[in-house]
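K.L.:
Just the structure for this:
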Amino acid sequence: MALTDIDGQRLGDSVSDKLGDRNLIINGAQTIAQRGASFSMSTTAGFCTDRFKAVQGSSFDWQSTLTQESDGPDGFSKSLKVNVDTASTPTGSQNAVFYYRLEGQDCQQLGYGSNNAKTTTLSFWVKSNKTGTYSIQFANNNPTKYLLVEYSINSADTWEYKTMSFVGDTASTVDNDNAEGLDVRWNLAAGPTDLAAPSNTWVSTGGIFASNDQVNLMDAVNNYWQITGVQLEVGNTATPFQHESYGQTLAKCQRYYFKMGTSFSLHGHTLTAATDPYKRNFFPFPVEMRDTPDCDGTSTISSGVFSTGFPNYTGTTTFAIIGTDGTAASFSTTTAFDADAEL
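P.N.:
This is a model prediction of the structure:
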């Protein structure tokens, strides 16, 4: 049968829906929350669901609870929710914002800095009790430039689908490395110093900016904002969300953050007790991490002396705990740890 004879409907919503990893966003369906399904936000940036970071500008104390919810529009089982715990109003250059940061090397397909710089389209589902105008800043971090667009929440407590496009930057490149490249920033509140007119041309200024009409989600207790189905793709048209298995999404997230349980056993041994009295316990990460991670955890040793810190060696593929004893006997540890290489 010739390809032209195939009924397009039998291929799904669109041919593009069957084509690989077109979504530049990881965990857009909010299914992965390795750090836990709840996070209390105040003046310290942090995560609930993986890859979506709550950030405060100029030490704004936006006291809210972030949760992974079992609620979403049709086709989505999870969402990320912000619920305001204490009413507040940002002043000066204070901000409440969600960041999604892309590695520079993952942005090279966009062709920034050339006449063929590509347009990208962002789509997502959003719900809030507070209607009005919200804004999204799309930023290039080297050099510092941004676009600023608005979207409206029209009906309270109702899932709404939003799309917007960002023109490619023909004047400036994105660094081709594993550092921060492009950012998508969802504004929830902003002080008057950081309000600006929407712009669909690139503005050469750094910092966080929201549009002049940005609502203040933080102005009342129990105001909330929820998001899921986030997709960023090449082109000026939004296509159906690229669903993938839980395991696929988890593996992608583990490049940036990895958490191992609360209790498990590892086993190590000395190489030669007489000349090398160090007990090594090597552990491979499930995927190569973006950069050498910051590791944190606790360890105990069931035999011998555990005399050195946690961990003692870390790379992008492996970490190791090293203890000393002076005997060749094997030992075991019970350890909980996480490794953080987020942008």
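K.L.:
Can you list phi and psi of Gly247 for me?
P.N.:
Here is the backbone geometry of Gly247 (degrees, to the nearest 10): phi -60, psi -40.
K.L.:
Look up how far Cys48 lies from it.
P.N.:
Gly247 is 21 Å from Cys48, where distance means CB to CB, to the nearest Å. Yep, even glycine has a C-beta here, placed from its N, CA and C like the rest.
K.L.:
Which one of these two is surrounded by more residues?
P.N.:
Ranked by neighbour count (other CB atoms under 10 Å), Gly247 and Cys48 place Cys48 first, with 24 against 8.
K.L.:
which residue packs closest to Leu66, ignoring adjacent ones?
P.N.:
The spatially closest residue to Leu66, leaving aside those adjacent along the chain, is Cys48, at 3.9 Å (CB to CB, 6 or more residues apart in numbering).
K.L.:
should've said Leu217
P.N.:
Spatially, and ignoring its direct neighbours in sequence, Leu217 is nearest to Leu188 (4.3 Å; CB to CB, 6+ apart).
K.L.:
pLDDT on the helix or strand encompassing the one you found, on average?
P.N.:
According to DSSP states H and E, Leu188 maps onto strand 180-190. On average, the pLDDT along strand 180-190 is 98.
K.L.:
chain center to it: distance?
P.N.:
Computed by CA atoms, centre = their mean, to the nearest Å, the separation of strand 180-190 from the middle of its chain amounts to 11 Å.
K.L.:
What helices and strands are in contact with that strand?
P.N.:
strand 95-103, strand 132-141, strand 210-211, strand 224-234 (3 or more CB pairs under 8 Å, 6 or more residues apart in numbering; DSSP states H and E).
K.L.:
Please name the strands paired to the shortest one in the sheet, noting orientation.
P.N.:
Yep, that's strand 210-211 we're talking about. According to DSSP bridges, strand 210-211 forms sheet pairs with strand 195-196 (parallel).
K.L.:
The last one now?
P.N.:
Based on DSSP bridges, the strands next to strand 224-234 in the sheet, each with its direction, are strand 79-84 (antiparallel), strand 120-128 (antiparallel).
K.L.:
residues contacting Ala339?
P.N.:
Listed by CB atoms under 8 Å, 6 or more residues apart in numbering, the contact partners of Ala339 are 257-259, 285, 289, 293-295, 314, 319.
K.L.:
Please identify the helix or strand for it.
P.N.:
Going by DSSP H and E, Ala339 is part of strand 331-340.
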